[in-house]
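Trainee: Predicted model and sequence below, questions to follow.
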Amino acid sequence: MKLEGLHHITMITGDAQKNVAFYADTLGLRLVKKTVNFDQPEAYHLYFGDETGAPGSILTWFEFAGAQRGRAGLGMVHTLQLGVPSAAAIDFWEQRLRDAGSASERTANGTLAFEDYDGLGLELVVSDDGNPPLQAVHPEVPAEHAIVGLEGARAYSLYANVEESLLTDVLGFDYEGGGEYKLQGEQRHFHWAYDQAEEVGEAGAGTVHHIAWASQDDDHLKWQARVREAGGFVTDVRDRDYFNAIYFREPRGILFEIATLSPGFAADEDPQTLGEALRLPKQHEHLRAHLEQTLQPVVNPRTARREAGATR
């Protein structure tokens, strides 16, 4: 039994339209699902990824309209690493971000560090160690430069260089030393790391809510039992329509989720039109009329381009 790498990472934003504009237009990802928060249906839950919404490509956001900017600190993820195919792609994105008014900085390792409109730390890294590419299509982003999925994430910890046994002994991560870990699935892998910090953070816009690891469907309950047997407090199984999920906090305070690979984001929507209509959790479908009146409409750049082309 092994985890299959990353499933998704979920953040908080204060502005759904800015979120869609930045990730589905500037960064060229596909908006694959426009739905609402299961626990707070008055809030959007937006999913972005590759053309099919494949696990390993998925970034999601809860929108709490007008939320104040947060700050990453102890027990919080501070940087997401997005893969690109080559060093030439790094050059392309440096220029594209500059043209979009987003500052970026080359790191000593040759990566490109920048922030989104909420201050979320992002880093473009060359994906050259075996992950199959997971790309979206955008007319302004050549395929040879497009983002190819999530490669890694970094979090803050008080004991960054102390091996975390929950990761290695329970969840099956490989420890590579210096606070660096690797989760190796059958198809994809993911780099996870802790950096030393002592400052307490503050949840808010631009911070990470949780990170989800991918599980084969048949193994999901086994993972729940394994975490519980290791002394972790783990939730019951939550049906999220597109996957089943369990949640628990790892010892350093970060909220982990283990999510199934099925049924996927095409369960209630044609793959050709993913993310174009408001989809509601089954438990909230009776609220549709209310939510369609109260949620601020979000313009999907892909839909807008298609409609503009049809009128010419």
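Mentor: Thanks, I have it. Residues are numbered from 1 along each chain as shown.
Trainee: Now for Gln95, how many residues are close by?
Mentor: Residues near Gln95, counting by other CB atoms under 10 Å, number 11. From N, CA and C alone the C-beta is placed, and that goes for glycine too.
Trainee: Report the contact partners of it.
Mentor: Contacts for Gln95 were tallied using CB atoms under 8 Å, 6 or more residues apart in numbering; there are none.
Trainee: quick one: low-confidence parts of this protein?
Mentor: 310-312 (pLDDT under 70).
Trainee: how about the helices in it?
Mentor: With DSSP state H as the definition, the chain shows helices at residue ranges 16-21, 87-99, 165, 220-229, 288-294, 301-310.
Trainee: Most tightly packed of those helices?
Mentor: Among the helices of the chain, ranked by average contacts under mean count of other CB atoms under 10 Å, first place goes to helix 16-21 (a mean of 20).
Trainee: For Pro263, which residues are in contact?
Mentor: By CB under 8 Å, 6+ apart, Pro263 lies in contact with Tyr242, Phe243.
Trainee: brain fart, Ile254
Mentor: Ile254 neighbours (CB under 8 Å, 6+ apart): Gly75, Met76, Val77, Ala155, His210, Ile211.
Trainee: Sketch out the strands for the stretch 101-250 of the chain, chain order is fine.
Mentor: Using DSSP state E, counting those that start in this stretch, the strands found in the stretch 101-250 of the chain span residues 104-106, 112-115, 121-126, 150-157, 174-177, 180-184, 189-196, 208-215, 238-239, 244-249.
Trainee: one step back: from the contacts of Ile254, which is closest to Lys33?
Mentor: Closest approach between these and Lys33, by CB to CB: His210, at 16.7 Å.
Trainee: Identify the residues contacting the residue nearest to that closest one when sequence neighbours are not counted.
Mentor: Excluding the flanking residues, the one nearest His210 by CB to CB, 6 or more residues apart in numbering is Leu255, at 3.9 Å. By CB under 8 Å, 6+ apart, the contact set of Leu255 is His209, His210, Ile211, Tyr247, Phe248, Arg249.
Trainee: And for Glu105?
Mentor: By CB under 8 Å, 6+ apart, the residues touching Glu105 are Leu112, Ala113, Phe114.
Trainee: Distance to Leu274 and neighbour count for the residues you listed - can I get that in a markdown table?
Mentor: Compiled in a markdown table, these are given as follows (distance: CB to CB, whole Å; neighbours: other CB atoms under 10 Å):
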| residue | distance to Leu274 | neighbour count |
| --- | --- | --- |
| Leu112 | 28 | 22 |
| Ala113 | 30 | 17 |
| Phe114 | 26 | 17 |
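Trainee: out of these, who's nearest Leu29?
Mentor: Nearest member of the contacts of Glu105 to Leu29, counting by CB to CB, is Phe114, at 15.0 Å.
Trainee: Which positions within stretch 174-181 qualify as buried?
Mentor: Within stretch 174-181, the residues that qualify as buried are Gly179, Glu180, Tyr181, counting by 16 or more other CB atoms under 10 Å.
Trainee: between those residues, which is nearest Arg106?
Mentor: Nearest member of the buried residues of stretch 174-181 to Arg106, counting by CB to CB, is Glu180, at 21.3 Å.
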